[in-house]
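Participant: got a predicted structure here, sequence first:
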Amino acid sequence: MLRGLARAAARRHGAPWSRGSGGRAGVPAHVVDLRSDTVTRPGPAMRRAMAEAVVGDDDYGEDPTVRELQEKVSELLGVEQTLFVPTNTMANLISVMGHCRRRGSQLLLGQESHLHVYEQGGAAQIAGVHSHPLPDLPHGTLDLVELERVLTQGLGNPYHPVCELICLENTHSSSGGRVLPLDYLRQVHALARNYGVRVHLDGARLMNAALALRVPPARIVEHCDSVSLSFSKGLGAPVGALVGGPKDFIKEAWRLRKALGGGMHQAGVLAAAALVGLANAEEVLLQDHQNAQRFATGLRELASPICSVDPSTVETNMVVVRVVGLSPEELCQHLRAVSAEEEKQMGQVVSVLLFPWTERSVRAVWHRDVSAQDTELALRKWEFVLRQLGP
């Protein structure tokens, strides 16, 4: 389902107060921003690394910091080469264009996948590729029987588009950060190979998936033909992503990056931030996962008829909360607002920022700028709001 509610809420609410700034009516507010893991700000170590980065012209392949990042991540992901690009959306589009070389090729993907919903239909708009969305199962997977049916329906048939690519997403954002099982990835890859189709993995949050599965990222990537990895989500960099795959694929990806306006010059200042994010990724992401699980457990213990959550579905840094009795947008407004009454009852005021996710749910996302203490404050605010709304 298209997450229009979230985007509309963002436009209405505008920029949030900064952490610890004054709230409405002059009441000091502590802000806990759970809208997304893209809202992080570079810390001192990351800013220092950016300022001190050794740079060259990456458009000529001469930036040493970009080369260091690409080589390090190639080894991490177990691929022959990687290419640094501005965004994960561009990394995904480059991958689609690199695999689907004829206009009108068919791409199979989940109907709730980020590539299908949130990337402006770039596969069709720019690449001339026909996307065929399939229903997502609750875990973020696709039904393998249906996948094979669609794969085979156009074989040798001049009336159907030729399927050339399957795109998967791991972790799966719209299902609440669920992790695709390794056996499922293996089955999809085997099925694709049987019909001469390739598999691209949208790995924007691949490091979260690897941590949850307790395997090296390469164990996940071995089941696909190309992969993208974002540095500006859980890894905390302000910008940047990589596309990875075989050497000949990355050679073509370089040309496509240039065509899409993604060629950069002294890009080492950005690659340096990504290297810092990678350096402490396991420690930081583990804390994010633990905080999300703590929140889900704490919210369930409140036993509210208004909000419910199943902690067993919280596998990484996201929590999807089902809402009844009022709209998700109204709940978000209550959690954001601060008042003198809250200060009187709780001793301080907390503004929790999050978006409506569907017509009956909100999604909260943990990241390196939300601590264990922030998580407890968010729970206290949630408890206060539910008590105010309750009978």
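Facilitator: Nice, I can see it.
Participant: from here on, contacts and neighbour counts on C-alpha atoms
Facilitator: Noted.
Participant: phi, psi of the residue of the chain most remote from its centre?
Facilitator: Most distant residue from the mean C-alpha position of the chain: K344, 38.0 Å away (Cα atoms, centre = their mean). When read as degrees, to the nearest 10, the backbone of K344 gives phi -70, psi -40.
Participant: what's the answer for the one 5 residues further on, then?
Facilitator: Dihedral angles phi and psi of V349 (degrees, to the nearest 10) take the values phi -120, psi 140.
Participant: thought it was touching R336?
Facilitator: No: contact criterion Cα atoms under 8 Å: V349 and R336 do not qualify, at 10.1 Å.
Participant: tell me which of these two has more neighbours.
Facilitator: Shown here are V349 and R336; by other Cα atoms under 10 Å, V349 has more neighbours (25 against 22).
Participant: let me see the mean pLDDT of the helix or strand where Q287 lies.
Facilitator: With secondary structure defined by DSSP states H and E, Q287 is part of helix 281-301. The pLDDT scores in helix 281-301 average 98.
Participant: swap in stretch 104-122?
Facilitator: 96.
Participant: what lies in contact with that stretch?
Facilitator: With Cα atoms under 8 Å, 6 or more residues apart in numbering as the contact definition, stretch 104-122 has outside contacts at 1-2, 89, 92-93, 100, 128-136, 141-142, 161-169, 172-174, 202.
Participant: which ones among the residues you listed lie within helices?
Facilitator: Counting by DSSP state H, the part of the contacts of stretch 104-122 found in helices is T89, N92, L93.
Participant: adding pLDDT and neighbour count, write those out as a markdown table.
Facilitator: Below are the ones in helices among the contacts of stretch 104-122 laid out as a markdown table (pLDDT from 0 to 100; neighbours: other Cα atoms under 10 Å):
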| residue | pLDDT | neighbour count |
| --- | --- | --- |
| T89 | 98 | 21 |
| N92 | 98 | 29 |
| L93 | 98 | 24 |
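Participant: out of those residues, flag the one nearest to D183.
Facilitator: Among these, N92 lies closest to D183 (Cα to Cα), at 23.2 Å.
Participant: and the gap between that closest one and E148?
Facilitator: Separation of N92 from E148 (Cα to Cα, to the nearest Å): 23 Å.
Participant: strands of the stretch 1-150 of the chain, start to end?
Facilitator: Per DSSP state E, counting those that start in this stretch, the stretch 1-150 of the chain carries strands over the ranges 29-33, 81-85, 106-110, 130-134.
Participant: in CSV, list the C-alpha atoms belonging to the first one.
Facilitator: In this case it means strand 29-33. In CSV, the C-alpha atoms belonging to strand 29-33 read as follows (Å, rounded to 0.1, in the frame of the first residue of the first chain):
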residue,chain,number,x,y,z
ALA,A,29,10.8,19.5,25.0
HIS,A,30,13.1,16.5,24.6
VAL,A,31,12.7,15.3,21.0
VAL,A,32,12.9,11.6,20.1
ASP,A,33,12.8,11.3,16.3
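Participant: what's it packed up against?
Facilitator: Identification of packing neighbours for strand 29-33 by 3 or more Cα pairs under 8 Å, 6 or more residues apart in numbering; DSSP states H and E yields strand 349-353, helix 372-389.
Participant: pick the most deeply packed of these.
Facilitator: Per residue and on average, the most neighbours among those fall to strand 349-353, with a mean of 26 (mean count of other Cα atoms under 10 Å).
Participant: hey, what's the angle from it to strand 29-33? Just curious.
Facilitator: Angle of strand 349-353 versus strand 29-33, following axes from the mean of the first three to the mean of the last three Cα atoms, to 10 degrees, is 20 degrees.
Participant: show me where pLDDT drops low in this protein?
Facilitator: 1-27, 391 (pLDDT under 70).
Participant: give me that answer again for 80
Facilitator: Applying pLDDT under 80 to the chain picks out residues 1-28, 390-391.
Participant: leaving out sequence neighbours, find the closest residue to E315.
Facilitator: Sequence neighbours aside, R178 is the residue nearest to E315 in space, at 5.8 Å (criterion: Cα to Cα, 6 or more residues apart in numbering).
Participant: gap between that neighbour and L270?
Facilitator: 29 Å.
Participant: do S304 as well
Facilitator: 44 Å.
Participant: more crowded one of those two?
Facilitator: L270 (26 against 15).
Participant: please state the backbone phi and psi of G245?
Facilitator: Dihedral angles (degrees, to the nearest 10) for G245: phi 170, psi -160.
Participant: picking that back up, nearest to E282, out of the helices and strands packed on strand 29-33?
Facilitator: helix 372-389 (16.4 Å).
Participant: identify all contacting residues around that closest one.
Facilitator: When contacts are defined by Cα under 8 Å, 6+ apart, helix 372-389 is touched by residues 32, 291-292, 294-295, 298-299, 302, 304, 306, 334-335, 342, 349-352.
Participant: buried ones among those?
Facilitator: 32, 291-292, 294-295, 298-299, 334-335, 342, 349-352 (16 or more other Cα atoms under 10 Å).
Participant: of these, just say which sits nearest to V321.
Facilitator: Nearest to V321, judged by Cα to Cα, of the buried ones among the contacts of helix 372-389 is L299 at 9.0 Å.
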